[in-house]
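# based on what follows, work out the 3D shape:
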Amino acid sequence: MAVRERLLLVLPGKEIYDYLCTGCGASLGQREVVASPGEASPLTAPLHHPHRHRHRGHRRP
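Below you'll find the predicted structure:
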C-alpha cells in the first residue's frame, strides 16, 4: 500500500511530518526535519515580496 506524507507542525528550526496509509488513513510514523544551526526552516523563513512599495496613481482620499 502507498504512503502519504503530511506536514503536521512547523516550528522555528524544525518541521514535523506524519506518514499515513493511503488505504485506511492510519498513521504509520512521524519524522522531524531539523534545520542546520543558524538556519531557519524553509517554511518559516520570511518571504521576500518584490512589490511592497506604493504604486503611483493609487492614492487614498
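# tell me the contacts of Leu28?
For Leu28, the contacting residues are Val3, Tyr19, Leu20, Cys21, taking CB atoms under 8 Å, 6 or more residues apart in numbering as the criterion. In this view, the C-beta of every residue, glycine as well, is placed from N, C-alpha and C.
# buried ones only from those, please, as a PyMOL command.
Buried residues within the contacts of Leu28, by 16 or more other CB atoms under 10 Å, are selected in PyMOL with:
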select buried, resi 20
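# of the contacts of Leu28, which is the nearest to Arg31?
Arg31 has its nearest neighbour among the contacts of Leu28 in Tyr19, at 7.2 Å by CB to CB.
# would you list the phi and psi of the closest one?
Dihedral pair for Tyr19: phi -110, psi 120, per degrees, to the nearest 10.
# tell me the bridge partners for it.
With DSSP bridges applied, Tyr19 shows beta-bridge pairing to Glu5, Gly29.
# in this structure it contacts Leu8, no?
No: counting by CB atoms under 8 Å, no contact exists between Tyr19 and Leu8, whose distance comes to 10.3 Å.
# ok, back up a step: need the max-distance pair from the contacts of Leu28.
Distance extremes for these: the farthest pair is Tyr19 and Cys21 at 8.2 Å, using CB to CB.
# mind listing the shared neighbours of these two?
Val3, Arg4, Leu28.
# just put those in JSON lines and tack on distance to Glu15 and pLDDT.
Supplementary listing: the shared contacts of Tyr19 and Cys21 in JSON lines, determined by distance: CB to CB, whole Å; pLDDT from 0 to 100:
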{"residue": "Val3", "distance to Glu15": "17", "pLDDT": "91"}
{"residue": "Arg4", "distance to Glu15": "16", "pLDDT": "94"}
{"residue": "Leu28", "distance to Glu15": "18", "pLDDT": "92"}
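# all good on my end, thank you.
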